[in-house]
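here is a sequence with its predicted model. Questions after.
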Amino acid sequence: MKKFYLITPGPTPIPPEVAAQSALPIIHHRTHEFGDLFDQVSQGLKYVYQTKNDVFIITASGSGAMESAVANVVNPGDKVIVASGGSFGERWIKINTAFGATVVAVKDELGQPVNVEKIREALKANPDAKAVFCQHTETSTGVVNDLKALGEIVAATPALLVVDAISGLGGEELHMDDWKLDVVVAGSQKGLMVAPGLAFASVSDKAWKVIEACKNHRFYFDYRLIKKSIPNKETPWTPAVTLMQSLRASLGMIKSDGIENVWARHRRLAKATRAGMQGLGLKLFATNPCAVLTSAYLPSSVDGNKLVDWMRDDLGVSVAGGQESLKGKIVRLAHMGYMDQFDILVGLTALETGLKKFGVAVPPGKGVQAAMEAFAAV
């Protein structure tokens, strides 16, 4: 018998009480019963977003949420600025290009956060830019970006700040309203502790004016139709009812803990994971590491793809490797959502075992010891 551990940046583990909700009898989505569910989920999402704005609920993956933001903001030919320091910043570029936008790419070295001064200069050089697109946390590298500073810079211009918070929401500190963020998209399968299939988007008053004036073709992802359905406590199209039942439970857990405590728990897990990886002799990859994932370089003698596969297939422990140009070169351990300190210790133990398997001399138990010391110090 093999027990499996999921220490990846999505999908993430699902609490049993959340998973159990999907086994309840399904309800019809045009009823008062669903209306109560819709209202509870909506209020819970506002709390996690830290916003007074509506949060649109869409049956889609996180990438669907990203596409919805572009579809509702960008007309063909509009100029946009995209801050990219990893795979998901590049996804913003690909989506905007697909919708016919003129993309001004502001790229930072992999492992580095968005340089806010570069964005300031890009806005000065491109005063006609419709929006600035960026990540909250870039999980391909393990970086968190300074959304508060970016919000201040973009708010002083006509441009919108559009944020991919798919991996950050529910784990990394975020204040949509106070940080002056205009469009924030997210997904269900990471810090919100639900299976994949739900996407979310919230927009500011500033963004709503742009959305109403947008001439781009849209239908399923049309924010105007979604907003129109909210007073009726429903979505315009058939929603993923069972996922929403699960989401109600997970949002209740977050509210019960308190969002500040949830953020603090993720910071504690991140600190211990970083200490553990360094204890194993690995060099951290990100210079401004996020609270939801830790990345580290692998020794050049180790094929990261084979290491990750072996850990999963032989040990039952799933972690993440690098993407695109980082494929095989880094390893990523997630600590988002339904994870505690023992998940981190399991992940570090498996990583130590894997490194030894692939010929790396690792001091026995050094990574776990460093993590435990970090946990004890908090």
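That came through fine.

quick one: contacts for residue 357?
By CB atoms under 8 Å, 6 or more residues apart in numbering, residue 357 lies in contact with 307, 310. C-beta here means a position set from N, CA and C on the backbone, and glycine is covered the same way.

relative to residue 278, how far out is it?
20 Å (CB to CB, to the nearest Å).

show me where the stretch 201-350 of the chain has its strands.
293-297, 317-318, 320-321, 330-334 (DSSP state E, counting those that start in this stretch).

format the ones you listed as TSV; extra columns: mean pLDDT and distance to residue 149.
Formatted as TSV, the strands of the stretch 201-350 of the chain follow (pLDDT from 0 to 100; distance: least, CB to CB, whole Å):
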stretch	mean pLDDT	distance to residue 149
strand 293-297	98	21
strand 317-318	98	35
strand 320-321	98	28
strand 330-334	98	25
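
okay but residue 47 is in contact with residue 255, surely?
Yes. Residue 47 is within contact range of residue 255, at 6.0 Å (criterion: CB atoms under 8 Å).

can you put the strands of the stretch 201-350 of the chain in TSV and add mean neighbour count and distance to residue 177?
Supplementary listing: those in TSV, determined by neighbours: other CB atoms under 10 Å; distance: least, CB to CB, whole Å:
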stretch	mean neighbour count	distance to residue 177
strand 293-297	27	26
strand 317-318	23	36
strand 320-321	22	32
strand 330-334	27	28
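
export those to TSV and tack on distance to residue 368?
TSV is the format used below for the strands of the stretch 201-350 of the chain (distance: least, CB to CB, whole Å):
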stretch	distance to residue 368
strand 293-297	15
strand 317-318	14
strand 320-321	20
strand 330-334	13
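
the residue nearest to residue 116 when sequence neighbours are not counted and residue 180: what is the separation?
In space, and not counting its chain neighbours, residue 116 is closest to residue 149: 4.7 Å by CB to CB, 6 or more residues apart in numbering. To residue 180, residue 149 is 10 Å away according to CB to CB.

who's more crowded, those two?
Applying other CB atoms under 10 Å to residue 149 and residue 180 shows that residue 180 carries more neighbours, namely 19 against 15.

check the secondary structure at that one for me.
Following DSSP: H, G, I helix; E, B strand; the rest coil, the label given to residue 180 is coil.

can you pull the contacts of the closest residue to it other than its chain neighbours?
Among residues not flanking residue 180 along the chain, residue 151 sits closest, at 3.8 Å (CB to CB, 6+ apart). By CB under 8 Å, 6+ apart, the contact set of residue 151 is 161, 179-181.

which stretches of the stretch 51-200 of the chain form strands?
55-59, 79-84, 102-107, 131-135, 137-138, 143-144, 160-164, 183-187, 198-203.

how much space between the residue nearest to residue 116 and residue 373?
For residue 149, the distance to residue 373 (CB to CB) stands at 33 Å.

returning to that earlier point: need the contacts of residue 151 in JSON lines with distance to residue 92 and pLDDT, can you?
Below are those laid out as JSON lines (distance: CB to CB, whole Å; pLDDT from 0 to 100):
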{"residue": "161", "distance to residue 92": "12", "pLDDT": "98"}
{"residue": "179", "distance to residue 92": "19", "pLDDT": "98"}
{"residue": "180", "distance to residue 92": "19", "pLDDT": "98"}
{"residue": "181", "distance to residue 92": "15", "pLDDT": "98"}
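
please list only the buried members of these.
Those of the contacts of residue 151 that meet the buried threshold are 161, 179-181, by 16 or more other CB atoms under 10 Å.

residue 368: which of those is nearest?
Closest approach to residue 368 among these (CB to CB): residue 179, at 36.4 Å.

rewinding a little: among the strands of the stretch 51-200 of the chain, which is the most enclosed?
Per residue and on average, the most neighbours among the strands of the stretch 51-200 of the chain fall to strand 137-138, with a mean of 32 (mean count of other CB atoms under 10 Å).

average pLDDT across that strand?
Taken as a whole, strand 137-138 has an average pLDDT of 98.

could I get the contacts of residue 151 as JSON lines with distance to residue 318?
Listed next are the contacts of residue 151 as JSON lines, based on distance: CB to CB, whole Å:
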{"residue": "161", "distance to residue 318": "34"}
{"residue": "179", "distance to residue 318": "33"}
{"residue": "180", "distance to residue 318": "37"}
{"residue": "181", "distance to residue 318": "32"}
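
hmm, which two among those residues are most spread apart?
Spatially, the most separated pair among the contacts of residue 151 is 161 and 179, at 8.7 Å (CB to CB).

any idea how far residue 168 is from residue 274?
17 Å.

my bad, should have said residue 278
23 Å.

who has more neighbours, the two?
Applying other CB under 10 Å to residue 278 and residue 168 shows that residue 168 carries more neighbours, namely 29 against 18.
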